[in-house]
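Asker: Quick one, fold the following:
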Amino acid sequence: MKNILVLCTGNSCRSQMAHGYMENLQDGLANIYSAGIETHGLNPGAVAIMQEDGLDITHHTSNNVTEYDGIIWDYIITVCDHAKENCPYIPSKDAKRIHHNFFDPSKVVGTEEEKHDAFLKARNEIKQFCQKFITEELA
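Answerer: Predicted structure coming up:
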């Protein structure tokens, strides 16, 4: 079974959504982990927007990447530029490293509708990325 790490700054929003889709869209092909270079807890907006798509991520935890020392990764996926540029070195010589800087909906200031639309946009982009990743890399 492959080990996949999804990495973001605070492991609260984008990496949590990707973790949810990666777990849900593949059938036992990989162990999915998500982490941050910091831990910020689960973002309520991310939890809510995933629930709208039928996925419950409330059982997820916000983890620091150092908590996974010793795991041999097959894939390390960074989902924001900040994590890619500031993450400590993760020793996993054979890991395929993939980067996609997703828009950060947690930074949007505006009406509730504007914030919802931001989370919806990010969620849909992340879902599409995960579907493509699973088809091209795991299936």
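Asker: so what secondary structure elements neighbour the top helix by length along the chain?
Answerer: Determined from DSSP state H, the single longest helix within the chain is helix 112-133. For helix 112-133, the elements it packs on are helix 14-25, helix 44-52, judged by 3 or more Cβ pairs under 8 Å, 6 or more residues apart in numbering; DSSP states H and E. All C-beta spots, glycine's among them, are computed from the backbone N, C-alpha and C.
Asker: Can you convert those into JSON lines and add a column each for distance to residue 61?
Answerer: Below are the helices and strands packed on helix 112-133 laid out as JSON lines (distance: least, Cβ to Cβ, whole Å):
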{"stretch": "helix 14-25", "distance to residue 61": "9"}
{"stretch": "helix 44-52", "distance to residue 61": "12"}
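Asker: out of the ones you listed, nearest to residue 80?
Answerer: Using Cβ to Cβ as the measure, helix 14-25 is the one of the helices and strands packed on helix 112-133 that comes nearest residue 80, at 6.2 Å.
Asker: Show me what that closest one is in contact with.
Answerer: By Cβ atoms under 8 Å, 6 or more residues apart in numbering, the list of residues contacting helix 14-25 from outside reads 4, 6-8, 30, 32-36, 42-43, 46-47, 49-50, 55, 57, 60, 62, 77, 79-80, 102, 104, 122-123, 126-127, 129-131, 133-134.
Asker: what's the angle between that helix and helix 44-52?
Answerer: For helix 14-25 against helix 44-52, the angle between stretch directions is 20 degrees (axes from the mean of the first three to the mean of the last three Cα atoms, to 10 degrees).
Asker: which element follows helix 14-25 toward the C-terminus?
Answerer: Per DSSP states H and E, the first helix or strand lying C-terminal to helix 14-25 is strand 30-36.
Asker: Keeping just the C-alphas, turn that following strand into CSV.
Answerer: Extracted C-alpha coordinates of strand 30-36, given in CSV (Å, rounded to 0.1, in the frame of the first residue of the first chain):
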residue,chain,number,x,y,z
ALA,A,30,-3.0,4.2,-0.4
ASN,A,31,-2.7,5.3,3.2
ILE,A,32,-3.5,9.0,3.3
TYR,A,33,-2.0,11.4,5.8
SER,A,34,-2.2,15.2,6.0
ALA,A,35,0.0,17.6,7.9
GLY,A,36,1.2,21.1,8.2
